[in-house]
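*Asks:* Give me a 3D structure for the following:
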Amino acid sequence: MKKLFIGIQGKAVCLNKATGDILWSSKLKSSSSVTNVYYEDNQVFAYSGGHLFCLNADTGDIVWENGLSGYGFGACIIASENQSSAAAISNQVASQQAAASSTIVATSSSGSSSSN
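*Replies:* Now for the predicted structure:
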């Protein structure tokens with residue numbers, strides 16, 4: 001069964017991707033309206049209200065929690081050495097598009113010369 005993980009209102013939630021049924025919901029120690037989630041190696045990492053949580057992807061049980069003392073409560077982008085976060089992927093795509101655009105402009109410029 002394929003799963004979909006979402007973060008909302010201080011909760012990490014796992015749904016059956018085919019049916020949309022909720023498989024589990026874990027209340028995190030935060031009431032933050034924004035909860036970032038990231039999945040890797042059968043673990044769900046969730047950031048909410050300045051705390052980072054690791055949950056078992058099958059059960060939703062909290063494996064560990066880190067209060068990230070001294071780091072504040074801002075937005076959090078989660079990435080690992082095996083996968084990139086959405087922001088990193090977005091930056092990579094933007095760089096590739098910029099490179100492709102400059103190649104097209106260079107090709108157009110070189111093709112516009114005329115000889116008499």
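*Asks:* Quick check: mean pLDDT of the helix or strand residue 23 falls within?
*Replies:* Element membership for residue 23 (DSSP states H and E) is strand 22-27. Model confidence over strand 22-27, given as mean pLDDT, is 97.
*Asks:* same deal with stretch 2-18?
*Replies:* If you average the pLDDT over stretch 2-18, you get 93.
*Asks:* Quick check: end-to-end length of it?
*Replies:* Counting by CA to CA, to the nearest Å, you get 7 Å between the two ends of stretch 2-18.
*Asks:* Not counting it itself, show me its contacts.
*Replies:* The contact list for stretch 2-18, computed with CB atoms under 8 Å, 6 or more residues apart in numbering, reads 1, 21-37, 39, 44, 46-49, 53, 55, 57, 60. Where C-beta positions appear, they are placed from N, C-alpha and C, glycine not excepted.
*Asks:* What of stretch 52-67?
*Replies:* By CB under 8 Å, 6+ apart, stretch 52-67 touches 3, 5, 12, 14, 23-26, 28-29, 39, 42-47, 50-51, 68, 76, 78.
*Asks:* let's go with 7 Å and repeat that
*Replies:* Under the contact criterion CB atoms under 7 Å, 6 or more residues apart in numbering, stretch 52-67 has outside partners 3, 12, 14, 24-26, 28, 39, 42-46, 50-51, 68.
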